[in-house]
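Engineer: need a structure here:
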Amino acid sequence: MFQITPKDKRNLKLAEEAAERGDQVTALKYYLKAAENGIVSAMVDSACIYFEGKGGVEKDIDKSIEWFKKAGQLGSSAALNNIGYIYGTMGNYKAAISWYEKAANLGDVVAMLNLSNTYRNEYNNKILAQKWLKKAESLTDTAAIRRVAEFYFVEDFDKNHIGKAIELYKKAIGLGDTAAYKELGDLYFELDDFGRAHHVYNDGANAGNVECMTNLGMMLIYAPRCFEPAKYWLSKAVAHGDKDAIKFLGELYEEYKNFPKALRCYRKAVMHGVTEAAEDVAKVKKILKRRKLNYKLKLRTLD
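Structural biologist: The predicted structure is shown next:
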């Protein structure tokens with residue numbers, strides 16, 4: 001059993017910071033330091049960087065598989081699944097199935113769904129495809145239940161499967177998974193069923209899901225006479241650290257013509273890394289400049 005040392009924690013932190021900057025060369029350097037010390041997550045991250053071959057790192061499938069295998073030997077089902085995925089991208093479906101099965105036998109829901117997809121799409125074997133899908137559905141972990149629901153709605157989109165996705169999300173909610181509120185609300189939102197989306201987001205917000213607070217507030221921005229409830233939920237989401245909620249709060253103030261407060265929110269959003277809010281800053285600054293000029297013109301007229 002490997003222990004994460006302070007040095008490992010530092011290397012992981014430096015790697016994550018470099019990855020956020022898009023500096024994959026530096027990220028890989030520090031992930032490898034941690035990986036070589038037995039940190040499984042760093043092995044997986046190193047393998048992913050080698051597979052993607054972005055940000056100055058040359059794509060290297062062999063090194064990617066090598067690190068995924070090392071992580072798999074230490075019990076990472078995700079790493080085993082990823083080896084299967086690599087072989088699948090190469091058209092070697094027999095090898096892909098072999099690795100997917102290793103991961104699935106460790107209870108990996110993504111591997112089960114990948115097996116279902118591979119048997120159905122590459123071998124037209126509906127029996128084995130259904131077998132693995134049913135096995136995934138039988139899992140009781142709420143994160144797995146949500147993943148299967150997402151599979152039904154996003155990856156295997158079919159009008160007949162929407163009801164199954166909704167059923168699974170509600171099952172996860174019933175088991176106390178507040179993240180399922182947000183995902184079910186998103187499903188209804190994608191279907192343009194805004195009434196149900198609002199209802200689910202509201203329940204999720206009251207259950208403490210921060211993303212539901214943000215989405216509920218966002219929906220209320222343009223609803224008539226809903227300034228106070230929109231402000232309440234967006235402010236609450238901001239207090240919980242949701243950066244996107246800061247921008248939406250700016251949109252709320254802009255909608256109600258409070259441009260100085262809108263500008264402050266947009267600037268704060270930019271400071272917190274919401275780069276698209278920079279356009280809103282420029283837009284509101286122009287509005288405020290025009291309003292100031294108009295005011296001066298009126299004063300001159302009065303003279």
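Engineer: contacts and neighbour counts: CA atoms only from here.
Structural biologist: OK.
Engineer: State the phi and psi torsions of residue 37.
Structural biologist: Dihedral pair for residue 37: phi -100, psi 10, per degrees, to the nearest 10.
Engineer: Any figure for the gap between it and residue 70?
Structural biologist: 12 Å (CA to CA, to the nearest Å).
Engineer: so residue 54, which of the three states?
Structural biologist: With DSSP: H, G, I helix; E, B strand; the rest coil as the basis, residue 54 sits in coil.
Engineer: ranges for the strands of the stretch 1-150 of the chain?
Structural biologist: Along the stretch 1-150 of the chain, counting by DSSP state E, counting those that start in this stretch, no stretch forms strands.
Engineer: where in it is pLDDT low?
Structural biologist: 1-2 (pLDDT under 70).
Engineer: Contact partners for residue 79?
Structural biologist: Going by CA atoms under 8 Å, 6 or more residues apart in numbering, residue 79 touches 44, 68, 69, 71, 72.
Engineer: Over to residue 264?
Structural biologist: residue 250.
Engineer: what does residue 247 give?
Structural biologist: 265, 266, 269, 274, 277.
Engineer: pLDDT at it, what is it?
Structural biologist: pLDDT, residue 247: 97.
Engineer: tell me which element it is part of?
Structural biologist: helix 243-255 (DSSP states H and E).
Engineer: Could you tell me which residues within that helix count as buried?
Structural biologist: 243, 244, 245, 246, 247, 248, 249, 250, 251, 252, 253, 254 (16 or more other CA atoms under 10 Å).
Engineer: Now the residue nearest to residue 276 when sequence neighbours are not counted: phi and psi?
Structural biologist: In this structure, residue 276 finds its nearest non-sequential neighbour in residue 270, 7.6 Å apart by CA to CA, 6 or more residues apart in numbering. The phi and psi torsions at residue 270 (degrees, to the nearest 10) take the values phi -60, psi -40.
Engineer: roughly how far apart are residue 270 and residue 263?
Structural biologist: 11 Å.
Engineer: same check, this time on residue 171
Structural biologist: For residue 171 relative to residue 263 (CA to CA), the value is 42 Å.
Engineer: which of those two has more neighbours?
Structural biologist: residue 263 (24 against 18; other CA atoms under 10 Å).
Engineer: List the buried residues in the strand or helix carrying the more buried one.
Structural biologist: Using DSSP H and E, residue 263 sits in helix 259-271. Neighbour counts over helix 259-271 (16+ other CA under 10 Å) mark 259, 261, 262, 263, 264, 265, 266, 267, 268, 269, 270 as buried.
Engineer: Now the two most distant members of those.
Structural biologist: Farthest-apart pair in the buried residues of helix 259-271 is 259 and 270; separation 16.3 Å (CA to CA).
Engineer: And the helices in the stretch 101-250 of the chain?
Structural biologist: Taking DSSP state H, counting those that start in this stretch as the criterion, the stretch 101-250 of the chain carries its helices at 109-123, 126-137, 142-150, 159-174, 179-190, 194-206, 210-220, 227-239, 243-255.
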